[in-house]
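[1] Requesting a structural model of the entry that follows:
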Amino acid sequence: MKKPLLILTFAALSACNSFTSSKTPKPSQENISKDLVFHNLFSAENNPDISCYRIPALVTAPNGDLIAAIDERVPSCADLRGSGNINIVQRRSADNGKTWTTKETVIDFPEGRSASDPSMIVDEQTGEVFLFYNYMDLDKEKDVYYLHVMKSSDNGKTWTSPKDITAQISKEEWHNDFKFITSGRGIQTSEGRLLHTLVRLKEGVYLFASDDHGDTWFLIDSPVTPADESKVIQLSNGDYMINSRVNTGEGHRYVHISEDKGKTWNTKTEEILVDPGNNASILRYTSVEDGDDKNRLLFSNSNDAKARKNLTVRISYDEGETWSEGKTIYTGGAAYSSMTILENGEIGVFFEKDDYKENSFTSFSLEWLTNGEDSINKE
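    Numbers count the residues shown, from 1 in each chain. Now for the predicted structure:
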């Protein structure tokens, strides 16, 4: 079996091939996991020096290692505009998430300057991993966002110094705007383009990209709306699809599709993807074009119209036209999530658990997800 194609990107899923348009999720007891193992990777519960850990990001490095990055929020659990001491930290696993390194600091600015909202893109062609974050100097330019990237050539063991790409992927007139790179992950398209999402909250979501393996970046100046934190994937026909959190109070996601590499967009509601207004994760699990038996997309989020709870993963076999009912990963408090495909073919999820008290990792097979109704063709 060819290793499933990795694609970025923030729920969990009740299995099977039955599809539903019900807007009220009702996870049955048999669909709630009894056998998943949860690894609490980051917690401030017994650490008086840290207020909380938030905003998980998870990728599989080219050598198969897992990289789990997150905000370390020191004086308070406030977001970037409200805290002068947020660091980016990580843990890594070389055995598909069974064991993890101790906490490692990726970036730690002096007091008054903060880094927040990690996200990553894996360049499968060069073997490099890019880590993005949003930066603010609260002492000198409070409420002014800068956009940074770092790079690792050794599967996340070490990172380059930060590079400010604000001028490349935003405009001078946006200097004082509420803008930020979406946390979680971006993707590499089949053509090799690196692709990610930038939120400009009052105007919607933009794509930004690199066609030279991260040497330079550029903005695709065609925003989609309504949209807040969003994830992008590439469909099997080459189209781009953005799956968006919205703040409209409607209780579901929105989807935007472009047939011309992001120049123009068609927008639709996605009522089956019930959502309280939260950052989610979407990625490609398998691709017929890459030699797999089926096209499979995965989606994880808080499967509730009002509250951040009931983490669910869904599967689609028709490029997001329809989705399974989903299998519940965790019924309790569950906020942001980030998925990846492990080297052994399992699906990994890293998510905020129980009102940010824990940030947990778990993994499961396609067979588990679909209650045995689907498995990878191993011919």
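
[2] Could you pull out the strands in the stretch 1-150 of the chain for me?
    39-42, 52-60, 66-73, 86-93, 104-107, 113-123, 128-137, 146-152 (DSSP state E, counting those that start in this stretch).

[3] which stretch among the ones you listed comes nearest D292?
    Nearest of the strands of the stretch 1-150 of the chain to D292, taken as CB to CB: strand 52-60 at 16.4 Å. To be clear about C-beta, it is placed using only N, CA and C from the backbone, and glycine gets the same treatment.

[4] relative orientation of the closest one and strand 86-93 in degrees?
    40 degrees (axes from the mean of the first three to the mean of the last three CA atoms, to 10 degrees).

[5] Determine the angle, from 0 to 180 degrees, between strand 52-60 and strand 128-137.
    Using the same axes, to 10 degrees: strand 52-60 against strand 128-137 is 160 degrees.

[6] Each with direction, which strands does strand 52-60 pair with?
    The pairing partners recorded for strand 52-60 under DSSP bridges are strand 66-73 (antiparallel).

[7] how far out from the middle of the chain is the strand it pairs with?
    12 Å (CA atoms, centre = their mean, to the nearest Å).

[8] So G320 is in contact with Q234, correct?
    No: G320 lies out of contact with Q234 (CB atoms under 8 Å); the separation is 11.3 Å.

[9] which residues are in contact with both of the two?
    M241 (CB atoms under 8 Å, 6 or more residues apart in numbering).

[10] can you pull out the helices in this protein?
    Remark: helices assigned in the chain by DSSP state H are 166-169, 366-369.

[11] How far does the last one sit from its chain's centre?
    The gap between where helix 366-369 is centred and where its chain is centred comes out at 21 Å by CA atoms, centre = their mean.

[12] contact partners of it?
    13, 15, 285, 296, 313, 315, 327, 345-347, 374-376.

[13] Can I get these in CSV including pLDDT, neighbour count and distance to K171?
    Below are those laid out as CSV (pLDDT from 0 to 100; neighbours: other CB atoms under 10 Å; distance: CB to CB, whole Å):
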residue, pLDDT, neighbour count, distance to K171
L13, 31, 29, 38
A15, 33, 24, 44
Y285, 98, 23, 36
R296, 98, 24, 38
V313, 98, 26, 37
I315, 98, 26, 38
K327, 96, 25, 42
G345, 96, 18, 42
E346, 97, 19, 42
I347, 98, 25, 38
D374, 96, 19, 45
S375, 93, 12, 48
I376, 85, 18, 44
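
[14] Keep only those of these that are in strands.
    Per DSSP state E, strands hold the following members of these: Y285, R296, V313, I315, K327, I347.

[15] what are the bridge partners for the fifth one, then?
    Per DSSP bridges, residues listed as beta-bridge partners of K327: S14, V313.

[16] sorry, back to before: could the strands of the stretch 1-150 of the chain go into a markdown table alongside distance to I187?
    Shown next, in a markdown table, are the strands of the stretch 1-150 of the chain (distance: least, CB to CB, whole Å):
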| stretch | distance to I187 |
| --- | --- |
| strand 39-42 | 23 |
| strand 52-60 | 10 |
| strand 66-73 | 16 |
| strand 86-93 | 20 |
| strand 104-107 | 21 |
| strand 113-123 | 7 |
| strand 128-137 | 11 |
| strand 146-152 | 15 |
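
[17] out of the ones you listed, which comes closest to S161?
    strand 146-152 (7.3 Å).

[18] Show me what the closest one pairs with in its sheet, parallel or antiparallel.
    Partners of strand 146-152 in its sheet, by DSSP bridges: strand 128-137 (antiparallel), strand 163-164 (antiparallel).

[19] Show me which residues of it are buried.
    Neighbour-count burial for strand 146-152 flags Y146, L147, H148, V149, M150, K151, S152 (criterion: 16 or more other CB atoms under 10 Å).

[20] TSV for the residues you listed, including distance to F130 and pLDDT?
    Below are the buried residues of strand 146-152 laid out as TSV (distance: CB to CB, whole Å; pLDDT from 0 to 100):
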residue	distance to F130	pLDDT
Y146	16	98
L147	12	98
H148	11	98
V149	6	98
M150	7	98
K151	6	98
S152	8	98
